[in-house]
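Peer 1: Pasting the sequence and the predicted model now:
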Amino acid sequence: MKARAVEDLDPAQPLRANAVCIVATRLAEVRALAEPALEPGAAEAQHNLRIAAKRLRYVLELTGPCFGPGAAEARRLAKQLQNVLGDLHDCDVMLPSAAGIGSLETLLHTRRELLFKEFVELWRECGEATWLELDRTLAS
């Protein structure tokens, strides 16, 4: 999945000004990809969201000190999303190899279902509040 282009970067500006542009772009990407990823069988959308969460996490690791606690919480959530969606993707990758091995197929399907529920709960319990706080932090 190709990352969205970051607009309005200006090398003559301080780090924080450019970091706001980058973080806002990565956050918008995560939000846009979430809705399709919340569908149970949307493996590609979930994988794309994992990649977007990873990009957001990494930029927040680099620029978080510019933004304070709101960025730290968003980084933690991005990492959690990246981890659970990565485990979910692992199931998707392994399932074709398990074809015909009933117990392994059952195990992978069950694990995937549990991981999907964990992802949905994480998104619904933490997502919007965390992203709104990061928006406020970026705007200040």
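Peer 2: Yep, that arrived.

Peer 1: Which elements pack onto the worst-scoring helix or strand of the chain on mean pLDDT?
Peer 2: Counting by mean pLDDT, DSSP states H and E, the chain has its least confident helix or strand at helix 128-139, which shows a mean of 93. Helices and strands touching helix 128-139, as assessed by 3 or more C-beta pairs under 8 Å, 6 or more residues apart in numbering; DSSP states H and E, comprise helix 15-37, helix 69-94. Where you see a C-beta, it was placed from the backbone N, CA and C, and this is true even at glycine.

Peer 1: Turn those into JSON lines, including mean neighbour count.
Peer 2: Putting the helices and strands packed on helix 128-139 into JSON lines (neighbours: other C-beta atoms under 10 Å) gives the following:
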{"stretch": "helix 15-37", "mean neighbour count": "18"}
{"stretch": "helix 69-94", "mean neighbour count": "19"}
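
Peer 1: a markdown table for the ones you listed, including mean pLDDT and distance to E113?
Peer 2: Listed next are the helices and strands packed on helix 128-139 as a markdown table, based on pLDDT from 0 to 100; distance: least, C-beta to C-beta, whole Å:
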| stretch | mean pLDDT | distance to E113 |
| --- | --- | --- |
| helix 15-37 | 96 | 15 |
| helix 69-94 | 96 | 9 |
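
Peer 1: No further questions, thank you.
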